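**Student:** Kindly generate the corresponding structure for this input.
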Amino acid sequence: MPGVTQHDDAPPLADLMPWSVAPPRLGRGWPAAPDTASLKARWDTLVRAEGPDREALFEPSRARTPHTAVGRLPGTSGTTERLSRAPGPCPEPVRVLRAPFDEQWLIPDHRLIDAARPELWRVADARQVFVVEASDAAGPLLLATSHLPLLGPSRVRPLHRRPGGGEPNLAPGLLDHLAGRLGVRPEPLDMLAWTVTALRPGSVVPLTADRALWEHGVALGRRALWLMRRDGERPRLPGGRRPYVRAPLPPRPLALRYDRDEEALYLDEGRVSPVPPEAWDFEVGGVRVLERWFAARTAEGAPGTLAAIRPSGWPQTWTSELLELITVLALLAEVRPRAAGLTVTERITASELRAAGVLPVPAAARRPASVLDAREEGPEGQLALL
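**Tutor:** I've put the predicted structure just below:
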């Protein structure tokens with residue numbers, strides 16, 4: 001969340017969460033989509049094509065062609081034979097964060113992805129939290145997700161360096177130092193929650209030794225994390241203001257508009273309300289989240305390309321996702337000003353962390369941990385060495 005009062009000598013986020021990875025780069029848009037049926041239809045169309053037709057549909061790049069030999073993505077199944085020779089069945093799509101607050105699906109096949117970042121796939125599981133810094137007019141914003149984020153250009157920072165929630169991606173000794181100053185040992189997720197609340201321009205994170213203030217900031221951050229990750233119980237707006245479909249959505253809506261007086265969102269003649277203005281106005285990077293989400297589901301792919309294969313209508317699941325997204329954005333909009341008003345006192349400075357030996361972090365903390373729990377298949381069935 002953006003905005004705390006200005007503080008000098010606040011430790012950088014890059015030192016507090018030292019291991020970061022560039023986001024995965026697909027190199028072609030068609031392996032990702034808002035629905036799984038389109039992805040499977042695209043795969044079937046690709047594998048039925050032969051020779052030059054398959055090559056053109058694939059959309060080759062310098063990093064990937066149908067003839068490229070690559071290893072299997074960690075944690076996935078499927079063949080590692082060259083796509084041109086033995087494509088195999090379509091791997092089951094997995095959930096990813098394709099854009100801010102936009103969860104879509106991806107075909108998890110290394111042969112389709114220019115830069116998959118296997119080190120992220122190795123640590124992706126139910127206990128992982130990935131955070132990505134996004135630009136925002138009100139200040140920096142940390143986006144958190146339980147799914148692999150495909151957001152650029154900011155780097156991805158996993159909360160854990162190992163699967164199963166093992167080894168937090170935090171400066172070694174940081175939690176011990178905070179425990180000594182706060183009188184209680186924070187959990188790694190507490191540190192992330194505080195970071196989500198307190199991140200300020202310059203990508204620095206003011207820290208506090210005031211236990212009451214710390215607990216207040218952590219509570220705000222945990223709520224933001226819960227809303228962004230959408231784990232467990234579904235969020236609801238208070239006071240019976242849950243958004244509903246008041247007029248049926250058309251089979252293929254083309255335009256999205258908002259009526260501020262009615263607090264209604266129109267998809268052509270379809271109407272959803274109530275939609276709080278805060279949800280409609282929620283922006284990331286100068287773009288309204290709801291407009292970007294809608295555009296991703298209504299944009300037409302170029303004729304003759306795999307991206308042109310999309311649902312013939314508007315799936316009911318998209319309506320459910322839209323209603324939940326409206327709720328999430330409205331509730332997050334309530335958290336943001338509370339975080340913005342946070343004044344950090346009893347500061348724990350970068351100088352203090354250096355004096356305590358927490359900073360600078362060792363070089364190994366900026367590299368991925370050695371994960372040797374499972375064998376990984378390399379190109380064309382060879383054993384991958386880690």
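**Student:** I'd assumed residue 336 was in a helix, is it?
**Tutor:** Yes - per DSSP: H, G, I helix; E, B strand; the rest coil, residue 336 lies within a helix segment.
**Student:** Just the helices from the stretch 151-300 of the chain, written as ranges.
**Tutor:** 174-182, 188-198, 211-229, 277-281, 289-298 (DSSP state H, counting those that start in this stretch).
**Student:** So which bits of the third one are buried?
**Tutor:** Okay, so that is helix 211-229. Residues of helix 211-229 classed as buried: 213-214, 216-218, 220-228 (neighbour count, 16 or more other C-beta atoms under 10 Å). For every residue, glycine as well, the C-beta is placed using N, CA and C.
**Student:** if we can go back for a sec, and of the helices of the stretch 151-300 of the chain, who's closest to residue 51?
**Tutor:** Closest to residue 51 of the helices of the stretch 151-300 of the chain is helix 289-298 (C-beta to C-beta; 32.0 Å).
**Student:** Show me what the mean pLDDT comes to for that closest one.
**Tutor:** Here helix 289-298 scores 98 as its mean pLDDT.
**Student:** Go ahead and name everything in contact with it.
**Tutor:** Residues outside helix 289-298 that contact it (C-beta atoms under 8 Å, 6 or more residues apart in numbering) are 34, 98-102, 104, 252-254, 256, 265, 267, 279-280, 282-283, 314, 318, 322, 325-326, 329.
**Student:** hmm, 7 Å instead?
**Tutor:** 34, 99-102, 253-254, 256, 279-280, 282-283, 318, 325, 329 (C-beta atoms under 7 Å, 6 or more residues apart in numbering).
**Student:** for that helix, the distance to its chain's centre please.
**Tutor:** Helix 289-298 sits 16 Å away from the centroid of its parent chain (C-alpha atoms, centre = their mean, to the nearest Å).
**Student:** shouldn't residue 18 be in contact with residue 171?
**Tutor:** Yes - with contact defined as C-beta atoms under 7 Å, residue 18 counts as touching residue 171 (6.2 Å).
**Student:** Which one's more surrounded, these two?
**Tutor:** Legend: neighbour count by other C-beta atoms under 10 Å for residue 18 and residue 171, higher for residue 18 (24 against 21).
**Student:** okay, the residue located most distally from the centre of the chain: pLDDT?
**Tutor:** In the chain, counting by C-alpha atoms, centre = their mean, residue 51 sits farthest out from the average C-alpha position, at 36.1 Å. Per-residue confidence (pLDDT) for residue 51: 92.
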